[in-house]
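S.K.: From the sequence below, what's the structure:
(one chain, ligands or ions: 1)
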Amino acid sequence: MTYQTLHSTEPATEAGSALAARAENLSVRFAGVPALDRLDLRLAPGKIHGLLGRNGSGKSTLAAVLAGFRRPDEGRVLLEGGDLGTAVEPYENAVVTSRVCLIRESGDLVDAALVKHVLGLAASLRPYWDGDVAGELLDRFEVPTNKKVQKLSRGKRSALGVVLGLASRAPLTLFDETYLGMDVPSRNLFYDALLADYAEVPRTIVLSTHLVSEVSTMLEEVVILDDGRLVTQSPVDALRGRGASIVGPAAVVDEFTGGFTVLAEEKIGGTKSTTVLGDLDPALVAQARAAGLEIGPVGLQDLFVHLTSSGQGGRR
Ligand SMILES: Nc1ncnc2c1ncn2[C@@H]1O[C@H](COP(=O)(O)OP(=O)(O)OP(=O)(O)O)[C@@H](O)[C@H]1O
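M.R.: The predicted structure follows:
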């Protein structure tokens with residue numbers, strides 16, 4: 001199956017046309033209650049960003065503002081680079097919003113429309129639409145195109161969202177937990193397809209999720225929100241360097257980790273793995289290794305839980 005006939009006449013997105021985004025003192029309120037509270041952040045172009053936060057932390061609201069679906073109450077978001085050139089605000093700017101693709105779990109799909117008509121509409125609106133990619137992914141996810149959207153199962157509806165998001169090849173593409181309705185094999189298919197397509201056409205991707213461990217290996221940069229505030233924005237490697245995992249005989253691990261803040265512990269038989277917060281200086285690492293311990297970077301999931309549940313972030 002192919003949607004070649006629905007191809008745009010504009011050229012495919014090329015490396016370097018990815019969009020950068022920034023938020024400046026960005027606030028959004030619902031009935032006076034802040035969902036986003038004076039956020040300042042930057043999304044570098046051409047990277048895969050994780051937008052992480054617990055339920056209600058403001059991820060969907062931020063994604064909606066970045067995609068121009070919602071106007072900020074204070075501050076602004078600006079998108080720049082690619083074929084946009086100078087920085088512009090996305091709200092009510094059709095040129096910008098055609099280059100930004102936000103796929104939400106709700107799908108934003110017309111229930112009564114046939115799947116093929118939804119695809120046709122996307123092809124006509126998206127300047128970088130790739131019909132071959134759409135056709136290939138529809139086959140892989142086994143999404144029927146002659147059915148109405150409302151007749152699709154939740155998983156197939158999510159898969160349709162994924163197809164639309166990837167085939168749009170938008171210079172800024174945001175997936176807001178759209179894949180939560182998909183089962184594990186389908187989600188793995190999505191992650192593989194995303195990485196393969198991103199390698200072919202680098203663009204700025206934002207994955208909004210609380211399934212941190214599942215996506216952590218794909219992410220290059222991370223934004224963590226808590227209670228509408230920015231907890232941290234960092235390259236994943238730098239974040240993982242904020243702590244360490246120490247594995248070895250339980251008694252030796254306990255002795256070594258005594259003075260550290262412990263984020264997580266796991267014991268299997270006589271072997272223990274403890275995740276600690278803090279910088280391990282090289283002399284300490286050498287000492288640990290000499291004592292038979294293995295030292296590795298901290299897991300993103302452990303850090304995420306620590307940063308969003310122990311009073312480190314937000315207004316708690
Ligand atoms: N349309 C709305 N009307 C009123 N309050 C809203 C609306 N949308 C979001 N909120 C509130 O704003 C806050 C942030 O919500 P948001 O959906 O952005 O968080 P989230 O991190 O995406 O959450 P989740 O992971 O549960 O989807 C929450 O307190 C939420 O209740």
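S.K.: What are the boundaries of the helices in the protein?
M.R.: 59-66, 94-97, 115-125, 131-141, 154-167, 184-200, 212-215, 236-240, 250-257, 282-290, 300-309 (DSSP state H).
S.K.: Quick one, which of those gets closest to the ligand.
M.R.: For these, distance to the ligand was read as C-beta to the nearest ligand atom. The smallest value, 3.2 Å, belongs to helix 59-66. For the C-beta atoms, the positions are set from N, CA and C on the backbone; glycine is no exception.
S.K.: Of all the residues in that closest one, which ones are buried?
M.R.: For helix 59-66, a neighbour-count test (16 or more other C-beta atoms under 10 Å) marks 59-66 as buried.
S.K.: wait, does that helix contact the ligand?
M.R.: Yes: applying C-beta under 6 Å from any ligand atom, one finds helix 59-66 touching the ligand at 59-61.
S.K.: Make a markdown table out of these and add pLDDT.
M.R.: Converted to a markdown table, these look like this (pLDDT from 0 to 100):
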| residue | pLDDT |
| --- | --- |
| 59 | 95 |
| 60 | 95 |
| 61 | 97 |
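S.K.: any low-confidence regions in this structure?
M.R.: For the chain, the stretches with pLDDT under 70 are 1-16, 106-107, 310-316.
S.K.: Now whichever residue of the stretch 101-250 of the chain sits closest to the ligand, what are its backbone angles?
M.R.: Closest contact between the stretch 101-250 of the chain and the ligand, by C-beta to the nearest ligand atom, is at residue 210 (5.8 Å). In terms of degrees, to the nearest 10, the main-chain angles of residue 210 are phi -110, psi 0.
S.K.: and of the buried residues of helix 59-66, the nearest to residue 281?
M.R.: Minimum distance to residue 281 across those is 35.3 Å, recorded for residue 59 (C-beta to C-beta).
S.K.: which residue packs closest to that closest one, ignoring adjacent ones?
M.R.: residue 208 (4.4 Å; C-beta to C-beta, 6 or more residues apart in numbering).
S.K.: now residue 113
M.R.: With C-beta to C-beta, 6+ apart, the residue lying closest to residue 113 is residue 149, at 5.6 Å.
S.K.: count of residues packed around that neighbour?
M.R.: By the criterion of other C-beta atoms under 10 Å, residue 149 has 18 neighbours.
S.K.: Roughly how far does residue 151 sit from residue 199?
M.R.: Separation of residue 151 from residue 199 (C-beta to C-beta, to the nearest Å): 34 Å.
S.K.: Which one of the two is surrounded by more residues?
M.R.: Between residue 151 and residue 199, residue 151 has the larger neighbour count (other C-beta under 10 Å), namely 13 against 8.
S.K.: tell me which parts of the stretch 1-150 of the chain are close to the ligand?
M.R.: 30, 35, 53, 55-61.
S.K.: right, and the pair among those residues with maximum separation?
M.R.: 30 and 53 (16.2 Å).
S.K.: Just give the nearest non-adjacent residue to residue 104, would you?
M.R.: Closest to residue 104 by C-beta to C-beta, 6+ apart is residue 176, at 4.7 Å.
S.K.: what does residue 213 give?
M.R.: residue 301 (4.2 Å).
S.K.: Tell me how many other residues crowd the one you found.
M.R.: Neighbours of residue 301 (other C-beta under 10 Å): 17.
S.K.: For residue 299, list the residues it contacts.
M.R.: 213, 216, 240, 245, 264, 275 (C-beta atoms under 8 Å, 6 or more residues apart in numbering).
S.K.: The stretch 151-300 of the chain against the ligand: which residues are in contact?
M.R.: residue 210.
S.K.: if we go to 8 Å?
M.R.: Counting by C-beta under 8 Å from any ligand atom, the stretch 151-300 of the chain comes close to the ligand at 176-177, 208, 210, 225, 228.
S.K.: Most neighbours among those residues, which one?
M.R.: Neighbour counts for these, by other C-beta under 10 Å, peak at residue 225, which reaches 29 neighbours.
S.K.: Excluding chain neighbours, give the residue nearest to that residue in space.
M.R.: Closest to residue 225 by C-beta to C-beta, 6+ apart is residue 53, at 3.7 Å.
S.K.: same deal with residue 206?
M.R.: Residue 206 sits nearest to residue 174 (C-beta to C-beta, 6+ apart), 4.3 Å away.
S.K.: One more: residue 267?
M.R.: residue 250 (6.1 Å).
S.K.: my guess is that neighbour contacts residue 274, does it?
M.R.: No: counting by C-beta atoms under 8 Å, residue 250 does not reach residue 274; the two are 9.1 Å apart.
S.K.: Comparing the two, which residue is more hemmed in?
M.R.: Neighbour count, other C-beta under 10 Å: between residue 250 and residue 274, residue 274 has more, with 22 against 16.
S.K.: Quick check: bridge partners of that one?
M.R.: As for beta bridges, residue 274 partners with residue 246, residue 265 under DSSP bridges.
S.K.: Fine, thanks again, bye for now.
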